[in-house]
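Undergrad: Take a look and give me a structure for this.
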Amino acid sequence: MSVRNKIHLSLANKLNLVFFSLFVFTVGIIFLLVVPQLESRLTDQKQRNLGDYATLYSESYLQVLNQGASRIYLDLLTQQYAERADARILALDSSGTMLSDSLMGQGFNAGDYNIANVAISNASMVTDVTSIGGRSFAMAAVPIYKGNTIVAAIVVSSSMSDVESAVTLVQRLMAIAAAVALVVALLVIYLVSYTLSRRIRRIESGAARIAEGDFDIKVPVTSQDELGELASTFNNMGDKLGSAFQQVDDEKRRAKVLLDDLSEGVIGIDTEGQIIVVNPAAVKLLGHEIAAPCSLEDCLPAEIHDLWKSMSPKHPNREDTYMLPGDRALSVHSSFLSDQAELASLLVLRDVSQEVKMEKSRRDFIANASHELKTPLFSLGGFLELLQDEDVDESTKDEFIATMREQVDRLADLARKLLDLSQMDSGAIEVRNSRMELKDVIEMVVREFTAYSVSLDSRVDMDGFPEDLIAIGDPDRTAQLIRILLDNALKYSPAGATVQVAGNSNGKTVSFTVSDNGPGIAKEDLHRVFERFYRGKGAGRIRGTGLGLSIAHELVRLMNGTIEVESTGQGSAFTVTLPGGNPV
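TA: Sure, this is the predicted structure:
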C-alpha cells in the first residue's frame, strides 16, 4: 500500500501544514538574517566605543606620563577611566610589559593582549574580539607616541556578555513573538480552512445527494468568492442535471408506453446475446414469459436464435417467417444497431398468421377459380369443335346447345359471384340497412324457387314463421343471402325432401334458420364451410362453385349480423342473426 493511500489529510490539515511550513521557513530566514547582523552591529558598536575610550585615555595617559607621574598615580588614573568606560584598561610597552592596569595586574597574561603589539606594529588603532578563559572580550588598542616614537599601547577590553545577553534577549523575544504569531496564525488558518472545508463539504454532500438522484438539493451560497461561485455553478448544474434526467425519464416512460402499446413484439439484445428489453406483445406472441436479463439462446426458439446469429456487418438485417403451433405464423426481423452501445440489436416479432392465411387463400382462390373456369371453357370448346367438325342431327345439336347454355350460365354465375366478392373485399358494395318485414322478404324468395323446387320434387316449408319479425338490414342483400341458403339446401337435399325455414326473436336480435335433409357436413369441415371455393367431402358431383356461402358470410357481416352452421351428420342448419327492429 502506497504512502498516499496510508495518509489521508483533510483540507484544513493540509492548509495548516502548508502555512506552518511557510511560517517556520520565514521565521528561520528572519533568524538567520537578523540575529547575526544584530550581533555584528552590537559588536562593532562596542568596539567603536572601546576605541573611543582608548583614544581618549591614551591622550590623558601621555600627558601624565610626560609630567613624570608615578606608577601609583597612573594606576589610579587608569582605574578612573576604567570605571567610566566599564572596562579594563591596560598600558603595555612594546615588549609586552604591563605599565598600568585598572585591575592591578589581576589575571594578567601578556599573551591575551597581543592586540597591543599589533597596534604598535601597525601604528594605528586596532579592534578585535578575543577569548580569555573561555569568555569573549572586545578589545581596542591605541599606540602612544612620545615624539615620533611609539613607547606603549593603551588596551581597553570589555566582556562581550552584554552583547551576548542583548542578542539572547532579542532571540528570546523573537522566539516568543514567533510562537505567539504562530499560534494566532494557526488559529486563524484553522478557522479559515475549517470554514472553507465546511463549505466544500457542503458541495461534496450535495454532489453525493445528486449521485443518489436527489436533484432538488441546493448548496447555500454564503459569499461571492470562488467557492460561492462554485456553489452557484453547482446549483445550476444540479438544476440542469435534474431537467436532463427528467427528460430522460420522460423519454423512457414514453418509450415504455410506446413499446407496451405496440402490437409488434420488440426484444432488445446486448452485445453478449443477453435479452435486456422485452415488451408485453413479444411475450404474448411467443406464448411464454421472458424474465430479462436472460440468454437469447435459452429464452427464444432455436430458429430465432439462429436468425440472430446469422447477422454480420455485411448483412445487418435478417428476416424470416416461422410457423407456430395452432396454424400461427410469426415474422421475425433482426436488426444490428451498434457494437458500442448497451442495446446492440433488436428483434421485431409480428403475427402474420392472417397474412399467411390470406396468401394461402389467394393462391387457393386463383387455383380454384382457374379450375372452375377451365371445366366449362373446355366443355364449351369441345362442343364447338363437334358442332364445327361433325355432321350432327338437329336433336343432338339442340342437346349440345342446351349443355353449352348450361356451361355459359355456370360461367356467368361464377363471374357474378367473383364480382360480388371483389366488391365486398374492396368495400365497393353498397348496403342500405333499414327496417324490414323478414317474412315478406323470405316469402318473395321462396316464390322464386317454386319452379326449381318442383323440378327437384322438393318443397320449402315456412309454416309457423312469425308474422311480426322485424329486422334491420338491406332487403335486397337479405334476399340475395336467402337465395344462396335455399339454393344450397335444395341442391344437397334428396328428392322429395322438405327445406324448413323458421324464424325467432331474441330480444334485441332476430334470426331465421334454413334447414335441409342433405348428407350433412363433416365435423372437421364445419369451420371451413365459409371459405372461398371450399366444398366439403359430401358435395360429391353436385354442381357448385364453393363461393355461395362465402358471399353469404360477407353479406351478413356487412349487415352487422352473424351466420352459424350446425350439422349432426344428417342434414344441416344455417342460422342468420340480424339486429332486431322491434321495440324492446
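Undergrad: And the most far-flung residue of the chain relative to its centre, its phi and psi?
TA: Seen from the C-alpha centroid of the chain, the residue lying at the greatest distance (CA atoms, centre = their mean) is Gly68, 115.9 Å away. Note on Gly68: its backbone torsions stand at phi 80, psi 30 [degrees, to the nearest 10].
Undergrad: Same question for Ala471.
TA: Main-chain torsions, Ala471, degrees, to the nearest 10: phi -120, psi 160.
Undergrad: Neighbours of Leu285, how many?
TA: Counted with other CB atoms under 10 Å, residues neighbouring Leu285 total 19. (C-beta placed from N, C-alpha, C; glycine too.)
Undergrad: on that earlier part again, tell me the spacing between the residue farthest from the centre of the chain and Leu74.
TA: The spacing between Gly68 and Leu74, counted by CB to CB, to the nearest Å, is 11 Å.
Undergrad: So which helix or strand of this protein has the lowest pLDDT on average?
TA: None of the helices or strands of the chain scores lower by mean pLDDT, DSSP states H and E than helix 3-6, at a mean of 45.
Undergrad: residues contacting Thr321?
TA: If you count contacts by CB atoms under 8 Å, 6 or more residues apart in numbering, Thr321 has them with Ala329, Leu330, Ser331, Val332, Val352, Val356.
Undergrad: Considering those, which is situated nearest to Asp216?
TA: Set against Asp216, the nearest of the contacts of Thr321 by CB to CB is Val332 (45.1 Å).
Undergrad: tell me the secondary structure for that closest one?
TA: strand (DSSP: H, G, I helix; E, B strand; the rest coil).
Undergrad: Just to check, it is in contact with Val348?
TA: Yes - assessed by CB atoms under 8 Å, Val332 is found in contact with Val348 at 7.4 Å.
Undergrad: Pairing partners for Ala268 in the sheet, please.
TA: I think there's a mix-up here, since residue 268 is Gly and not Ala. Listed beta-bridge partners, Gly268: Val277, Leu346 (assigned using DSSP bridges).
Undergrad: Ser157 versus that one, what's the distance?
TA: 103 Å.
Undergrad: Looking at the two, which is more packed in?
TA: Neighbour totals were compared for Gly268 and Ser157, and Ser157 leads with 26 against 20 (other CB under 10 Å).
Undergrad: where does the more buried one land on pLDDT?
TA: At Ser157, the model reports a pLDDT of 87.
Undergrad: mean confidence for stretch 174-182?
TA: 84.
Undergrad: can you count the residues close to Tyr452?
TA: That count, for Tyr452 with other CB under 10 Å as the rule, works out to 14.
Undergrad: residue contacts, it?
TA: If you count contacts by CB under 8 Å, 6+ apart, Tyr452 has them with Leu490.
Undergrad: where's it, which helix or strand?
TA: Here Tyr452, judged by DSSP states H and E, is contained in helix 450-455.
Undergrad: and the gap between the residue nearest the centre of the chain and Asp214?
TA: Ranked by distance to the mean C-alpha position of the chain (CA atoms, centre = their mean), the top residue is Val248 at 7.5 Å. Taking CB to CB as the measure, Val248 falls 16 Å from Asp214.
Undergrad: again with Thr127
TA: 80 Å.
Undergrad: Neighbour count for these two, which is higher?
TA: More crowded of Thr127 and Asp214, by other CB under 10 Å: Thr127, with 20 against 12.
Undergrad: That one: what secondary structure?
TA: Applying three-state DSSP: Thr127 is strand.
Undergrad: I'd say it and Leu50 touch.
TA: Yes - here Thr127 reaches Leu50: they are 6.9 Å apart, a contact under CB under 8 Å.
Undergrad: Same question for stretch 122-135: list its buried residues.
TA: Within stretch 122-135, the residues that qualify as buried are Met125, Val126, Thr127, counting by 16 or more other CB atoms under 10 Å.
Undergrad: how deep is the closest residue to Leu486 other than its chain neighbours tucked in, by neighbour count?
TA: Distances taken as CB to CB, 6 or more residues apart in numbering place Phe449 nearest to Leu486, at 5.4 Å, with adjacent residues excluded. Using other CB under 10 Å, Phe449 has 20 other residues around it.
Undergrad: Then Ser353?
TA: Ser353: 16 neighbours (other CB under 10 Å).
Undergrad: try Val576
TA: Val576: 25 surrounding residues under other CB under 10 Å.
Undergrad: which residues touch it?
TA: Applying CB under 8 Å, 6+ apart, the residues near Val576 are Leu481, Leu485, Ser511, Phe512, Thr513, Val556, Gly561, Thr562, Ile563.
Undergrad: Quick check: the farthest pair among these?
TA: Within these, Leu485 and Thr562 form the most distant pair, 14.0 Å apart (CB to CB).
Undergrad: Between those two, tell me which one has more neighbours.
TA: Between Leu485 and Thr562, counted using other CB under 10 Å, Leu485 has the larger neighbour count: 25 against 14.
Undergrad: Can you list the helices and strands that the helix or strand containing that one packs against?
TA: Remark: Leu485 resides in helix 475-492, with elements defined by DSSP H and E. On a contact count with 3 or more CB pairs under 8 Å, 6 or more residues apart in numbering; DSSP states H and E, helix 475-492 meets strand 434-437, helix 438-448, strand 498-505, strand 509-515, helix 548-558, strand 572-579.
Undergrad: Check which helices and strands the second one is in contact with.
TA: Applying 3+ CB pairs under 8 Å, 6+ apart, one finds that helix 438-448 contacts helix 475-492, strand 498-505, strand 509-515.
Undergrad: Nearest to Gly111, out of these?
TA: Of all those, it is strand 509-515 that lies closest to Gly111, at 149.8 Å by CB to CB.
Undergrad: Now do the shared contacts for Thr127 and Leu50.
TA: Here Thr127 and Leu50 have Ala138, Met139, Ala140 as joint contacts, going by CB under 8 Å, 6+ apart.
Undergrad: Tell me the one of these nearest Pro220?
TA: Proximity of the shared contacts of Thr127 and Leu50 to Pro220 (CB to CB) peaks at Ala138, which lies at 66.3 Å.
Undergrad: Is the closest one bridged to anything, and to what?
TA: Applying DSSP bridges to Ala138 yields these beta-bridge partners: Val129, Ser158.
Undergrad: ok, it - contacts?
TA: Thr43, Lys46, Gln47, Leu50, Thr127, Asp128, Val129, Ser157, Ser158, Ser159, Met160, Val163.
Undergrad: and the residues you listed as JSON lines, adding distance to Ser338?
TA: Output for the contacts of Ala138, formatted as JSON lines (distance: CB to CB, whole Å):
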{"residue": "Thr43", "distance to Ser338": "85"}
{"residue": "Lys46", "distance to Ser338": "90"}
{"residue": "Gln47", "distance to Ser338": "91"}
{"residue": "Leu50", "distance to Ser338": "96"}
{"residue": "Thr127", "distance to Ser338": "92"}
{"residue": "Asp128", "distance to Ser338": "92"}
{"residue": "Val129", "distance to Ser338": "88"}
{"residue": "Ser157", "distance to Ser338": "98"}
{"residue": "Ser158", "distance to Ser338": "95"}
{"residue": "Ser159", "distance to Ser338": "93"}
{"residue": "Met160", "distance to Ser338": "88"}
{"residue": "Val163", "distance to Ser338": "86"}
